[in-house]
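Peer 1: Provide a 3D model corresponding to the input given below.
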Amino acid sequence: MTGSAASPDAEREEPRAHVLVADDDAATRDSIAETLRNEGFSVTTASDGKQALKLLAKSKFDVALLDVWMPRMNGLDVLKALRRKKAPPKVIAITSEGGTRAILQAISERACRCIAKPVDPQTLVGLVREALSRKSQPPRIQVISSKPGWVELRLPCTLEAAELIESVMASLEADLPTETRAAVNQAFHELLLNAIEWGGHLDPHRKVRVSYLRAKHMLLYRITDPGRGFRFANLGHAAIGHNGEPTEHQRIRRRKGLRPGGFGLVLASANADELIYNEAQNEVVFVKYLDCKANGTPCEAPAAK
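Peer 2: Numbers count the residues shown, from 1 in each chain. From the prediction side, this is the model:
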């Protein structure tokens with residue numbers, strides 16, 4: 001009597017994602033590799049940029065984690081070289097904490113995310129899984145200024161670009177108190193989505209300009225969209241157009257077939273110390289004053305990195 005053979009489908013396993021980890025610091029490199037292997041990823045390591053580029057030329061990787069500063073060839077140069085590949089891996093840049101210029105350079109070279117040292121294992125695994133879930137390469141972001149106290153960007157009107165820039169801006173505000181940081185992030189999120197969705201109509205060929213200015217006692221965002229602007233009186237589908245009446249705009253949204261929501265400008269106004277629009281209202285300035293002596297944050301803009 002012979003036993004039944006296992007079916008091919010039963011024996012077949014899903015291919016493991018192949019990840020390259022390139023970092024000249026052995027402790028960081030080994031720690032990242034061990035974390036990812038424990039999560040079931042196939043991991044190859046490199047100790048500098050040139051070795052990483054050789055490995056990328058020989059083998060197919062799904063994700064590459066590249067330290068920005070490495071000997072012989074840095075991570076930014078590897079990113080530039082990957083532009084010539086037809087199907088480059090998704091790249092997560094590893095940066096020093098607070099390295100504003102490095103983060104923005106990596107994003108402009110189409111890294112899909114950045115992670116700061118010391119690397120948090122849970123965050124690392126989440127970013128790798130997120131990178132693997134993306135079907136396309138990251139959007140092109142133009143960096144106009146990368147000075148820590150003055151960041152200026154142009155980005156396409158897509159939700160993916162908005163998500164990417166929100167993560168970058170959140171890293172610039174890491175030194176703020178939790179409550180202040182949450183208020184700023186929520187206001188920026190609402191204003192940016194309004195600019196991209198309503199001003200840019202989610203058209204990737206249209207661009208939104210974002211400026212972030214950090215002074216001693218003030219944080220300022222300036223967002224300019226490519227639309228014709230609006231009037232509050234014409235925003236029947238938004239809560240801000242109904243003098244605080246919480247349900248009327250929802251009825252209008254249902255009638256127009258719009259998704260639930262419409263509280264964005266109300267939330268932005270609630271979190272802002274000042275919210276200033278230009279005449280056409282296709283440009284907005286959001287201001288948050290920083291009581292640095294009271295909350296213990298630095299009373300100066302972050303130093304250049």
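
Peer 1: helices of the chain, start to end?
Peer 2: Taking DSSP state H as the test, the helices found in the chain are 8-11, 26-38, 49-58, 75-82, 100-108, 121-133, 159-172, 178-194, 248-256, 264-271, 292-295.

Peer 1: quick one: closest of those to Asn282.
Peer 2: When those are ranked by proximity to Asn282, the top entry is helix 178-194, at 10.2 Å, counting by CB to CB. In short, each C-beta sits where N, CA and C put it, glycine included.

Peer 1: which residues touch the closest one?
Peer 2: Residues from elsewhere that reach helix 178-194 (CB atoms under 8 Å, 6 or more residues apart in numbering): 159, 162, 165-166, 169-170, 173-174, 176, 208, 210, 219, 221, 223, 225, 264-265, 267-268, 271-272, 284, 286, 288, 290, 295.

Peer 1: make a PyMOL selection of the buried ones in those residues.
Peer 2: Burial among the contacts of helix 178-194 is assessed by 16 or more other CB atoms under 10 Å; the matching PyMOL selection reads:
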select buried, resi 162+165+169+173+176+208+210+219+221+223+225+264+265+267+268+271+272+284+286+288+290
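
Peer 1: run through the chain and note the low-pLDDT ranges.
Peer 2: Judged against pLDDT under 70, the low-scoring parts of the chain cover residues 1-14, 97-98, 230-266, 292-305.

Peer 1: and it, what are its domain boundaries?
Peer 2: The chain is divided into the following domains under automatic domain parsing: 14-138, 140-305.

Peer 1: so which of those domains is the most surrounded?
Peer 2: Mean neighbour count, computed with mean count of other CB atoms under 10 Å, is highest for domain 14-138 among those, reaching a mean of 18.

Peer 1: next one: that one to chain centre, how far?
Peer 2: The chain centroid and the centroid of domain 14-138 are separated by 16 Å, computed with CA atoms, centre = their mean, to the nearest Å.

Peer 1: equivalent analysis for stretch 154-162, please.
Peer 2: Averaging C-alpha coordinates over stretch 154-162 and over its chain gives two centres that are 10 Å apart (CA atoms, centre = their mean).

Peer 1: please work out which residues outside it touch it.
Peer 2: 138-142, 144, 164-165, 192-193, 195-197, 199-210, 225-226.

Peer 1: how about stretch 55-67?
Peer 2: The contact list for stretch 55-67 (CB under 8 Å, 6+ apart) reads 17-25, 28, 32, 44, 46, 49, 52, 74-75, 78-79, 82, 85, 87-94, 111, 115, 128, 131-132.

Peer 1: stretch 139-150 now?
Peer 2: Outside stretch 139-150, the residues within contact range by CB under 8 Å, 6+ apart are 100-101, 104-105, 107-108, 110, 151-156, 158, 160-161, 164-165, 172, 204, 207, 211-215, 301-305.

Peer 1: start to end distance for it?
Peer 2: With CA to CA, to the nearest Å as the measure, the first residue of stretch 139-150 is 22 Å from its last.

Peer 1: please apply the same query to stretch 81-89.
Peer 2: 12 Å.

Peer 1: cool, stretch 57-66 as well?
Peer 2: Taking CA to CA, the span from the opening residue of stretch 57-66 to its closing residue is 15 Å.

Peer 1: next one: stretch 200-219
Peer 2: Taking CA to CA as the criterion, the two ends of stretch 200-219 lie 25 Å apart.
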